[in-house]
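1. here is my input, please return the structure:
(one chain, ligands or ions: 1)
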Amino acid sequence: MAKKQNKKPELDEKMDVKCKDRECPFHGNLKTHGRIFKGIVVSKHDKRIAVEMERMVYVKKYERYSKKKTKIHARLPRCVDKDVKIGNWVKVKECRPLSKIIHFVFLEKIKNGDEEK
Ligand SMILES: [Zn+2]
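-> Below you'll find the model as predicted:
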């Protein structure tokens, strides 16, 4: 009996690693697909981050490239909520639309960036 009781808690700990988020790509059943973007976290909200990235756009008139910024809202799962701060470099991946503006999900943190406090 004692052995069985010891085994069960171990399994439970692994199963719900403080994350009962259904829309979590690591523990829930959210499937990701499509494009991956890297960018800087510019704002953080409850379960959501805004990631900004620069892209080059060719301007035909001047035959030159200009920089443009794109902001993407991404779902931030509860289990990585503490790791992500404003100024961090993160990877986001496309997923099904989770709300009107969120159709990306946080994938991983690349580096802390220089704005970290
Ligand atoms: Zn999770």
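2. how many residues are close by the residue lying closest to residue 34 once chain neighbours are set aside?
-> Leaving aside its chain neighbours, residue 34 sits nearest to residue 94 (3.4 Å; criterion: C-beta to C-beta, 6 or more residues apart in numbering). Where you see a C-beta, it was placed from the backbone N, CA and C, and this is true even at glycine. The burial count assigned to residue 94 is 17, neighbours taken as other C-beta atoms under 10 Å.
3. cool, residue 39 as well?
-> Other residues lying near residue 39 total 24 when counted by other C-beta under 10 Å.
4. related to what we said a few turns ago, thought the residue nearest to residue 34 was touching residue 102?
-> No - using C-beta atoms under 8 Å, residue 94 is not in contact with residue 102, being 10.9 Å away.
5. so how far is the ion from residue 68?
-> Taking C-beta to the ion, to the nearest Å as the measure, residue 68 and the ion are separated by 33 Å.
6. go on, residue 82?
-> In this structure, residue 82 and the ion are separated by 12 Å, where distance is defined by C-beta to the ion.
7. quick one: that residue is in a helix?
-> No - under DSSP: H, G, I helix; E, B strand; the rest coil, residue 82 falls outside any helix and is assigned coil.
8. could I get the pLDDT score of it?
-> For residue 82, the pLDDT comes out at 87.
9. for it, give me its contacts.
-> Contact criterion C-beta atoms under 8 Å, 6 or more residues apart in numbering gives no residues in contact with residue 82.
10. kindly report the same for residue 95.
-> With contacts defined as C-beta under 8 Å, 6+ apart, the neighbours of residue 95 are 25, 30, 31, 32, 33, 34, 75, 103, 104, 105.
11. ok, back up a step: mind checking pLDDT for the residue nearest to residue 34?
-> The confidence metric pLDDT takes the value 95 at residue 94.
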